[in-house]
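J.: The following block contains a protein sequence and its predicted model.
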Amino acid sequence: MSPVDAEFIVPAHFHLLGVEFMHCVSGVLHVTLDGREVTLRPEDGELRIEKGVVHTLLSPKGEYAEVQERTDEEPAKKRDLVRNLFRVYDEVRLSVFF
């Protein structure tokens, strides 16, 4: 889920080992797939993101999105990817201020 009073972003990344599936349960999610922008709403169903496709997820400030995500990757590998992705994102974001 994304907060309404703050922007929520998953920075650009891709998966080498599995396909990812996104379903916007409520609200609106903005997805960029290899530079192509897609707006995902509940009525759009599930979005399939193929292995190797660079993608970004965004819920702008003032908008809300509740998203279900699943993948065919092994759970431990997916967990490690997400942890590393956000650690790198935080380090880059913080380096702008210091």
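T.: Structure's in. What do you need?
J.: pLDDT-wise, which helix or strand of this protein ranks last?
T.: Least confident helix or strand, the chain: helix 75-97 with a mean of 58, by mean pLDDT, DSSP states H and E.
J.: Low-confidence stretches in the chain?
T.: Within the chain, the ranges that satisfy pLDDT under 70 run 1-5, 73, 75-98.
J.: quick one: the strands in it?
T.: 8-13, 20-27, 29-33, 36-40, 46-49, 55-59, 65-71 (DSSP state E).
J.: Can you tell me which of these is packed in deepest?
T.: strand 55-59 (a mean of 20; mean count of other Cβ atoms under 10 Å). C-betas here are computed from N, CA, C, even on glycine.
J.: Tell me the helices and strands packed up against it.
T.: strand 8-13, strand 20-27, strand 29-33 (3 or more Cβ pairs under 8 Å, 6 or more residues apart in numbering; DSSP states H and E).
J.: partner strands of the first one, parallel or antiparallel?
T.: To tie it back to what came earlier, the one meant is strand 8-13. If you go by DSSP bridges, strand 8-13 pairs up with strand 55-59 (antiparallel).
J.: returning to that earlier point: for the helices and strands packed on strand 55-59, which one sits closest to His55?
T.: strand 29-33 (5.2 Å; Cβ to Cβ).
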